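*Asks:* Give me a 3D structure for the following:
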Amino acid sequence: MKDEHDFISHGTTKYNWLPDFVYGGIDGAITTFAVVAGVEGASLSIPIILILGFANLFADGFSMAIGKYLSDKTNQEQYERIRQIEFRHLKEKTEHERDEVRDIMKEYNFKGKDLDKAVEIITSDPEAWVDIMMRKEFNMTQENISPIKGGIATFVSFVLIGFIPLIAYIFKPLIPVNGNSLFIATCIATLLALFFVGTVKSRFSIKSWLISGLETALIGGVAASIAYAIGFFLRNLAS
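*Replies:* Numbers count the residues shown, from 1 in each chain. The predicted model follows:
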């Protein structure tokens, strides 16, 4: 079982890129693996696997990175906009905002002189005042995110992990195995990669590394199975 300290950030301002690595890596492996499985199911040639695989790898990776960047940027802008509104309210609706702090402190069982003192301390510092209003009124906190770093980490992990399902097909001329063995080797390598990413993901949950790794690999296997089945049933369309 993990210690609670594994999940608590002790005031660090250093950007944590691991969640973005996990996010991009899982999606990269699953989507590229699904493309390979779908093409294999349709019994198409290796060049088509590589063309579709690389097109998906970079186009989807770029799309994921842009999506991550815009999402984080929107969150930052929304937080700052509401924060500035609250600062304005401190000046325009001072007593109303003070009463809201009082109500919040009552929720923590402050009473009498202790309540008055707590309200006085909090409202004496505009930064602390706005911070508690952001947390309790809007359920918003200042997250340690970086849109640019998040987008880059997502893209890099998507491409790196998503490249694994294509490796065997790239080096097919150097590997003396038939098509079925090649696909099986790809399945094993991709599931191992997903298992690894899943173990990294376990750092952000209460699940053990083994359960998290197996769960992630299972999800990838299900996605690939669906793609393979669709390709198999539609294979005649490519003939």
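*Asks:* List the residues that contact Val39.
*Replies:* With contacts taken as C-beta atoms under 8 Å, 6 or more residues apart in numbering, Val39 has the following neighbours: 48-49, 52-53, 231. C-beta: built from backbone N, CA, C; applies to glycine.
*Asks:* how does it look with 10 Å?
*Replies:* Applying C-beta atoms under 10 Å, 6 or more residues apart in numbering to Val39 gives the contacts 45-46, 48-53, 169, 183, 227-228, 231, 235, 238.
*Asks:* so where is this protein shaky, pLDDT-wise?
*Replies:* For the chain, the stretches with pLDDT under 70 are 1-13, 179, 236-239.
*Asks:* Go through it and flag its longest helix.
*Replies:* As assigned by DSSP state H, the longest helix anywhere in the chain is helix 46-92.
*Asks:* That one packs against which elements?
*Replies:* Counting by 3 or more C-beta pairs under 10 Å, 6 or more residues apart in numbering; DSSP states H and E, the packing neighbours recorded for helix 46-92 are helix 18-41, helix 94-107, helix 126-137, helix 147-162, helix 164-170, helix 179-201.
*Asks:* Go through those and name the closest to Phe87.
*Replies:* Closest approach to Phe87 among the helices and strands packed on helix 46-92 is made by helix 126-137 (5.8 Å; C-beta to C-beta).
*Asks:* now the closest one, how far from the chain's geometric center?
*Replies:* Distance, stretch centre to chain centre, for helix 126-137: 27 Å (C-alpha atoms, centre = their mean, to the nearest Å).
*Asks:* try stretch 211-220
*Replies:* Mean-position distance between stretch 211-220 and its chain equals 16 Å (C-alpha atoms, centre = their mean).
*Asks:* before we move on, what about stretch 159-174?
*Replies:* Shown here is stretch 159-174, whose average C-alpha point lies 24 Å from the average C-alpha point of the whole chain (C-alpha atoms, centre = their mean).
*Asks:* Deepest in the core, which of the helices and strands packed on helix 46-92 is it.
*Replies:* The highest mean neighbour count among the helices and strands packed on helix 46-92, using mean count of other C-beta atoms under 10 Å, belongs to helix 18-41: a mean of 24.
*Asks:* Export only the CA atoms of it, formatted as PDB.
*Replies:* Taking Å, rounded to 0.1, in the frame of the first residue of the first chain, the C-alpha atoms of helix 18-41 are listed here in PDB:
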ATOM      1  CA  LEU A  18       4.700  12.600 -15.700                       C
ATOM      2  CA  PRO A  19       0.800  12.900 -15.900                       C
ATOM      3  CA  ASP A  20       1.200  14.300 -19.500                       C
ATOM      4  CA  PHE A  21       3.600  11.500 -20.400                       C
ATOM      5  CA  VAL A  22       1.100   8.900 -19.200                       C
ATOM      6  CA  TYR A  23      -1.700  10.700 -21.000                       C
ATOM      7  CA  GLY A  24       0.100  10.900 -24.300                       C
ATOM      8  CA  GLY A  25       1.800   7.500 -24.000                       C
ATOM      9  CA  ILE A  26      -1.400   5.600 -23.400                       C
ATOM     10  CA  ASP A  27      -3.200   7.300 -26.300                       C
ATOM     11  CA  GLY A  28      -0.300   7.000 -28.600                       C
ATOM     12  CA  ALA A  29       0.200   3.300 -28.100                       C
ATOM     13  CA  ILE A  30      -3.500   2.400 -28.200                       C
ATOM     14  CA  THR A  31      -4.400   4.400 -31.300                       C
ATOM     15  CA  THR A  32      -1.300   3.300 -33.300                       C
ATOM     16  CA  PHE A  33      -1.800  -0.300 -32.200                       C
ATOM     17  CA  ALA A  34      -5.400   0.000 -33.200                       C
ATOM     18  CA  VAL A  35      -4.400   1.100 -36.700                       C
ATOM     19  CA  VAL A  36      -2.000  -1.800 -37.100                       C
ATOM     20  CA  ALA A  37      -4.500  -4.300 -35.800                       C
ATOM     21  CA  GLY A  38      -7.200  -2.900 -38.100                       C
ATOM     22  CA  VAL A  39      -5.000  -3.100 -41.100                       C
ATOM     23  CA  GLU A  40      -3.800  -6.600 -40.200                       C
ATOM     24  CA  GLY A  41      -7.400  -7.700 -39.700                       C
END
